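Colleague: Return a 3D structure for these sequence lines:
(2 chains)
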There are 2 protein chains.
Amino acid sequence: MELVLVAIVLGLLAVVYGIITSRQVLGAGAGNEKMQEIAGAIQEGARAYLNRQYTTIAIVGVVVGILVFLLLNWIAATGFVIGAVLSGVAGYIGMNISVRSNVRTAAAAQSGLQQGLTLAFRAGAITGMLVAGLALLAIAVFFYVLAGPLGLEANSREVVDGLVGLAFGASLISIFARLGGGIFTKAADVGADLVGKVEAGIPEDDPRNPAVIADNVGDNVGDCAGMAADLFETYVVTVGATMVLTALLLTSLGDLLLPMMALPLLIGGACIVTSIIGTYFVKLGRKQNIMGAMYKGFIVTAVLSIPAIFGVMTWALGDMNALIGASVVSETATVALGDTLVTEGAAEVVGGFTGMDLFWCAMLGLVITGLIIWITEYYTGTEYRPVRSIAKASETGHGTNVIQGLAISLEATALPTLVIVAGIIVAYMLAGLIGIAYAATAMLALAGMVVALDAYGPVTDNAGGIAEMAGLDDSVREKTDALDAVGNTTKAVTKGYAIGSAGLAALVLFAAYTTDLTEFFPGVTVDFSLKNPFVIVGLLLGALLPYLFGAMGMTAVGRAAGDVVKDVREQFAEKPGIMDYSEKPDYARTVDLVTRAAIKEMIVPSLLPVLAPVVVYFVITLIAGQANGFAALGALLLGVIVGGLFVALSMTAGGGAWDNAKKYIEDGNHGGKGSEAHKAAVTGDTVGDPYKDTAGPAVNPMIKITNIVALLLLAALAQGVVS
Amino acid sequence: MELVLVAIVLGLLAVVYGIITSRQVLGAGAGNEKMQEIAGAIQEGARAYLNRQYTTIAIVGVVVGILVFLLLNWIAATGFVIGAVLSGVAGYIGMNISVRSNVRTAAAAQSGLQQGLTLAFRAGAITGMLVAGLALLAIAVFFYVLAGPLGLEANSREVVDGLVGLAFGASLISIFARLGGGIFTKAADVGADLVGKVEAGIPEDDPRNPAVIADNVGDNVGDCAGMAADLFETYVVTVGATMVLTALLLTSLGDLLLPMMALPLLIGGACIVTSIIGTYFVKLGRKQNIMGAMYKGFIVTAVLSIPAIFGVMTWALGDMNALIGASVVSETATVALGDTLVTEGAAEVVGGFTGMDLFWCAMLGLVITGLIIWITEYYTGTEYRPVRSIAKASETGHGTNVIQGLAISLEATALPTLVIVAGIIVAYMLAGLIGIAYAATAMLALAGMVVALDAYGPVTDNAGGIAEMAGLDDSVREKTDALDAVGNTTKAVTKGYAIGSAGLAALVLFAAYTTDLTEFFPGVTVDFSLKNPFVIVGLLLGALLPYLFGAMGMTAVGRAAGDVVKDVREQFAEKPGIMDYSEKPDYARTVDLVTRAAIKEMIVPSLLPVLAPVVVYFVITLIAGQANGFAALGALLLGVIVGGLFVALSMTAGGGAWDNAKKYIEDGNHGGKGSEAHKAAVTGDTVGDPYKDTAGPAVNPMIKITNIVALLLLAALAQGVVS
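Modeller: Numbers count the residues shown, from 1 in each chain, chains lettered A, B, ... in the order given. A predicted model of the protein is given here:
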C-alpha cells in the first residue's frame, strides 16, 4: 500500500503546484478599470451559468446515485458521488482559473508576446495539473481507503464496483458539462457572429453586440470547464479501467496483486512530476514560434517520462523480466495474455507477460500521443495542405469551402485510425489486453501537460476579446490573435488525444464486460461471434448512437443560436442608441437566455448513452433470450466505439481546419479580411463550430458512459435486483 | 430447370416491354429545331463521355478478368465478363433512353403536366425494366447453362464461383460508373453554378454558360447511366448471393435443391410482371399530386407482388408448410436455421424453416422497401419538418443552413437503421440467414419499379434545361420544375433503398464468407468473437473505408469543379461576345475537360475496396497468423457495412434535403428566389450535391465489392495459387 501512498503524495504535489502557480497568476496585474469591468461581467456570467448547470446536473446525479445505491451497494454509490463531485470541481476550477487569467493575459500582452504566452500558459498549466492531480487523488485515495482501512481485498467485487461507480460518476457529469458547455459556447458564438458580423456589420467582440459577453462566457464554460470535466473523466475512466481489468483478468498474481493494482496510479503520479517540469520549458525561442514553445514543453515531459515510468515500474514489480500472469488456463484468460498467442483453437494457455512488456506498452502510449499530436497539427495547422486547401476552396465560394472542409474532415480520420489500430496490435502482441490498458494509461498520464496546452487557448481567446472591448492598442490584439491561432490547434489536439485514448479505454471496458459476464453468469454461453445476427444488430445500433447524438447536438446549437439572433435583434430595436454607444446593451439578458437554452438542450442527448444499453439489453432479451441480449449489448459497446471514433475524429479535426482556414485568410492570403474568400471561410468556421466544440468532443464521454452503464447493468442483474 | 426457364421468359418480357415502350417514347414529338440541336449536343457529350469511361474501365476490367481466370477458373472469369459487360450495357441503356426522352418530355410538357409526366415516367420505366430484366437474365441464363447443358451440380463449387464472378464483374464496373458519372455530373453542376449563377449572374441553364451542356450531360451519365449500372449491380449481387448462400448453407435439400436455387429468380420474374402492370397506374389524380401518382404505381406493384410471390413459391416448393433444411447438425448451420434458435451453447440443431417462413421473409422485404421509401420522403420532401427546418435555418445565413443540413443528415440515419435492424431480427427469427437473404431478394425484386421512379427524375431535369435554353414559354419550365422536385425525392429514395438492401445483402455475403472459410480451411479455427482484438482491428479498418472513399469523392468533385470554373472564366475572357449572344461558347471544350477530370479521379477511390481486403488479409496474416488474418478480413467486411451504411444514408438523405430546401424557398417561402435565405440555400444545395450524387451512392457498390473480393480471395487461397 505504500505504493498507493506515493501516488497520493504525487497527486498532492500537482495540487500544490496548482495553488502556488495560482498565486503567481493572480498576483499579475489585472489591467485598467474598463478591462476589469468587462472581465467581471464575464466572470459573473460564467459563474451564474455553471451554478445553474451543476444544479440541474445535481438533480440527475442524485437520482442516478440513489439508483446505483439501490441496484448495487453503498461502495459503488460512494464512488459515484466522489466521481461526480470531483468532476464538477474540475469544471469549476477550469472556469475559475480561466476567467481570472484572461484579463491578466490581456494586460501582460501589452508588455510582449512572451509575457502573454507565459501568463496564459501558466493558467492552462494550473488547470492541467489540478485536473490530473484531482483525478489521480480521486482513484488513489478511494482505492487506499477501500483496500486499506476498510480491509477489502484489492481485487474483490466491492473494490471493482467502487472503481466502476467512480468512473460512472465522472463520466455522467462530464457528458452534461461537455455538452451543456458546448451548446452554450457555440450558440453564443454563432449567434453573436450571425447578427453582429453579418447583419449589423460590427466586428467580432464589439462591445455594442449584446451577445459579446455571452460569447466570452462560452469560452470559459465550454472550452475550459467542459474540457476540464471531460479530461478528468477520461483520466479516471482509463486508469480505473486498467485497475479493474487487472483485478478481473489476472487472477493468479499472488504477491504482485497490490503492486499491479497500484502501478497505473504510480505511472500517473510519475508523469505529474514530469509534466510540471515540462511546463517550465514552454518558452519562445529566437524565431518567436509559439507552437514550437509548446512542443518544447511537451517533448521535455515525454522524454523525462520514459525513465520515470521505467523507474516506478521497476520499483513496483522488482524483476522486470519475470513472467506475470502466467499459467492461467481459464478460457477467458486466453484473450488476456500476449506472449503465447492462441491462434488456432482456444486451448490452455501458459503464456504471460513481463514487466518489460508492460514498459514497452507504456512507451507505445507515449508514441501514440506524440503521433496524434503531430497528425492533428498537420490537419489543423495553417502551414499544411489540409487547411490551405480549404482556404483555397474559399475563393470559389461558400459551397466549395464547405465541400472541401467536409472532405478534409472525412480524410482526417484515416491516420489516427491507423495509429490506433497499430497500437492495438502491438500492445496486444506484447501483453494482451493488459498491454492495451497500459498503453491507454500512459497516454492519459500525460494529461496534465496536454490539458495545459489546451486550456491556454480559451484564455488567450478571451484576452483578445477583452482587449478589443476595452479598446486596447491593436498590437495587443495582434499578439493575442497569434496566441489564439495556436490555441485552435492545441484544442483540436486534446480532442483527438481524448478520443484516441477513449478508443483504447473502451476496449479495456469491453474486456471488463466480457469478463464480468463469465463471472456473473457462468451458465449463460454468450456468442460474441460476428456470425450471430444479434451481434450485428448490436453493432449497428451502437454505431447509430454517435450519429443521433451528433444530430441532437448540432440541432441544439442551431436552435439556441437562432434564439440569440432574435434576442440581439430585439435589443437593437428596443435600444436604438446601442449603435452610437449612447445606450448599453443588456449583456446579462443574453447570457441568461443562452444559459436556459443550453441547460434545456443538454438533457435528452446526455441521457441517450445512459438509456440505450439498458433498452437494447431488455428488448433483445425479450425477443431472443438473455444470451442474445448480452451479445447485442456487448456488440453495442463496440459499435459505439467503431461509429463514435470516426464521428468524433472527423468533427474535431474538420472544425479545427475550418477555423484555421479562416485565420489563414485573415492573415492576408486569398484576398484577406473582407474578401469574398473570407466570407466563405467565415461560413466554414460557423459550420465547424458545433462540429468541433459541441457534438464532436462530447462523443468521448458518450462512448465511455455506454460501456460503464453496461458494466453496472451486469452487476445489477447479477445481484438479482433487476431481472 | 423449367423454373429457371420461366424466370428467363419473364426476364425477356421485361426486355420486350422496354423495346415496345421505347418505340412509343421515340415516336413522340422531339420539339423544334433549336430543342433538337441542344438535345443533340447533350447526346453527343454523353455518348463521348460514356465511350471514354467504359474504354478506361475496360482496361481495368480486362486485367482483373485475367486475374480471375488465373487465380480461379474459366467459369468464374466468364461470369465476371458477363457481369461486367451487362453492367456497361445497363449504363448505356440508361443514358440512351434518357438523352432521347429529355427533349421529348420538354415538348410534351408544352401540352400539359400529365403529358410531361407520362413521357418522362415511360422513359424511366424503360430503364427500370431493362435494368431488372437484364440483371435477371444474366443470372438465370448463366445458371441455366451451367446447371443444364454443362451438367454441373447446382450447388457445386463451379456454379458458386461462377455466380460470385458474375457479381464481381457487375460490382466492379458499377463502382467506376457510379463514381465516374457522379464526379462528372457534380463537377459540371457545381462548376456551372459557381461561375454562372454566382460570378456572372446568369440564371441556371442559361445557354451563355459554357458549362451548361456539361451540366446536362452530367444528369445523363451520372444520375441515369451511373444509377442504372448501380442498380443492375445491386440486383445481381443480391439475387446471386441468395443463390450462393442456398448452395453453401443448405446442404441436405435433396430434391428441393434446384427449386430452392431457382426460387430467387422466380420471385424476380414475378415482380417484373407486377412492376410492368404498376407503371400503367402512374397517373395524376384530381389533385395533380405528382408524388401521389408515383405512390399509386408503386402500391399497385407492391400489392400485386404479394399473391405473385406466394404463387411462385407454392409452385416451386409444393407444400408451403413442409420443413426445409431441417436436421442439419454441423456447427455452421446453427446460425442458418431459424425455427429452433440456439441461444445457449452451440449444440446439434434439428430446426428448419417452411415455405411459409420464406414467404413472410419476402413480405418483410416489401415492408422494408415501403418503409424506406416513406422515411426518405419524410426526410427529403418539402412538406415535412426536416426540409423546412433547413429552409428556415437559411434565413440566418449560409452557416446555419449547413449546420441544420448536417444535423438532418446525421439524424436521417436513425429510422432506416432501426428498420433494417428490425428486418434482420424478424427475418432471422423466421428462417435464419436464408430469411435475411429472402427479405433482400424481395426488396430487389421491385427494382424495376423503383428504378423507373428514379430514372424519370434526370429526364425531367434535362427537359427543364432544354426548355430554358430553347427559350420555351415559362409555363413549360414550371411544369418540368414541378416534375423535377419530385424527382429529387425519388432519386433519394432509390439510394436509401439500394443502401438498405446492401446492408442485408452484405450480411448474406458475410455468411457466404464464413461458410466458405469452414469449407476451404477446415483446419483453421477462426475466432470471429468480438473478444479477439484482430476482429476489432478489422472492424475499425472496415469502417474507415467509406470515410476515406467519401473524402476522395468529395475532393475529386471540388477539384474538377475548380477546373470547370477556370475554363469558363477563360472562355468568357477569350470570347467577350458570349454575354451579348454575339459569340457562342465552346460547349464541347468544357465537356471534354470534365470528361478527362472525372475519368482521372475515379480510378484510385474505385480500387480502394478492391485492394483493401487483400492488403488487410496479408498484413494481419504476416503479423499474427492466418487465423487472425481471416478474422480481421471477416471483421473488415462487417466494418464496411457498419461504417458505410451510416455514411451513405446520411449523405444521400442530407443531400436530398438540402436540394429540396432550396426548391422550397424558390417556391416563394422565406423570401423566395433572390433573397438572402435563397443564397444560403444555394450554398447548402452545392454542399449536398457531391454528398448525394457522388460519394454517398457509390458507397453501395463499394460495400459489395469489398465482400466479393474477400470471397474470391478465399477461393484463390484455397486453390493454392496465392498463399
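
Colleague: And the single nearest residue of the stretch 351-500 of chain A relative to chain B, how far from A:M429?
Modeller: Closest contact between the stretch 351-500 of chain A and chain B, by CB to the nearest CB, is at A:G399 (2.9 Å). All C-beta atoms are positioned from the backbone trio N, CA, C, and that covers glycine. A:G399 sits 47 Å away from A:M429, going by CB to CB, to the nearest Å.

Colleague: and the stretch 601-723 of chain A, which residues reach chain B?
Modeller: Within the stretch 601-723 of chain A, the positions near chain B by CB under 8 Å from any CB of the partner chain are A:623-628, A:634-635, A:638-639, A:642-643, A:645-646, A:650, A:682-683, A:685-687, A:690-691.

Colleague: Among those, name the ones in helices.
Modeller: Assignment to helices by DSSP state H places the following of those there: A:623-624, A:626-628, A:634-635, A:638-639, A:642-643, A:645-646, A:650, A:682-683, A:685-687, A:690.

Colleague: Give me the neighbour count for A:L5.
Modeller: 14 (other CB atoms under 10 Å in any protein chain shown).

Colleague: hang on, I meant A:S582
Modeller: Neighbour number of A:S582 under other CB under 10 Å is 9.

Colleague: Next, it: secondary structure please.
Modeller: coil (DSSP: H, G, I helix; E, B strand; the rest coil).

Colleague: ok, of the ones in helices among the residues of the stretch 601-723 of chain A next to chain B, which come out buried?
Modeller: A:623-624, A:626-628, A:634-635, A:638-639, A:642-643, A:645-646, A:650, A:682-683, A:685-687, A:690 (16 or more other CB atoms under 10 Å in any protein chain shown).

Colleague: Show me which residues of the stretch 451-600 of chain A are close to chain B?
Modeller: A:503, A:507, A:510-511, A:514, A:523-525, A:527-537, A:539-541, A:543-544, A:547-548, A:550-552, A:554-555, A:557-558, A:561-562, A:565.

Colleague: how does it look with 6 Å?
Modeller: A:514, A:525, A:528-531, A:533, A:537, A:539-540, A:543-544, A:547-548, A:550-551, A:554-555, A:558, A:565 (CB under 6 Å from any CB of the partner chain).

Colleague: In helices only, show me these.
Modeller: Per DSSP H, these map to helices at A:514, A:533, A:537, A:539-540, A:543-544, A:547-548, A:550-551, A:554-555, A:558, A:565.

Colleague: so where's chain A shaky on pLDDT?
Modeller: A:325-351, A:721-723 (pLDDT under 70).

Colleague: quick one: the host helix or strand of A:N488 to chain centroid distance?
Modeller: Assigned by DSSP states H and E, A:N488 falls within helix A:474-520. Relative to the centre of its chain, helix A:474-520 is centred 4 Å away, using CA atoms, centre = their mean, to the nearest Å.

Colleague: From the contact counts, what lies against that helix?
Modeller: helix A:74-109, helix A:113-147, helix A:227-249, helix A:355-380, helix A:414-445, helix A:447-469, helix A:626-666, helix A:696-718 (3 or more CB pairs under 6 Å, 6 or more residues apart in numbering or on different chains; DSSP states H and E).

Colleague: Which one, of the ones you listed, ends up nearest to B:V190?
Modeller: With CB to CB as the measure, helix A:626-666 is the member of those nearest B:V190 (18.7 Å).

Colleague: any idea of the angle that closest one forms with helix A:474-520?
Modeller: 170 degrees (axes from the mean of the first three to the mean of the last three CA atoms, to 10 degrees).

Colleague: now the helices and strands packed on helix A:474-520 in TSV, with distance to B:I420?
Modeller: Putting those into TSV (distance: least, CB to CB, whole Å) gives the following:
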stretch	distance to B:I420
helix A:74-109	36
helix A:113-147	40
helix A:227-249	32
helix A:355-380	33
helix A:414-445	25
helix A:447-469	39
helix A:626-666	14
helix A:696-718	21
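
Colleague: Any idea which of the ones you listed gets closest to B:E676?
Modeller: Checking the helices and strands packed on helix A:474-520 against B:E676 by CB to CB gives helix A:626-666 as the closest, at 20.5 Å.

Colleague: So what's the gap between the closest one and the chain middle?
Modeller: Going by CA atoms, centre = their mean, where helix A:626-666 is centred and where its chain is centred differ by 13 Å.

Colleague: Specify the angle between that helix and helix A:355-380 in degrees.
Modeller: 50 degrees.
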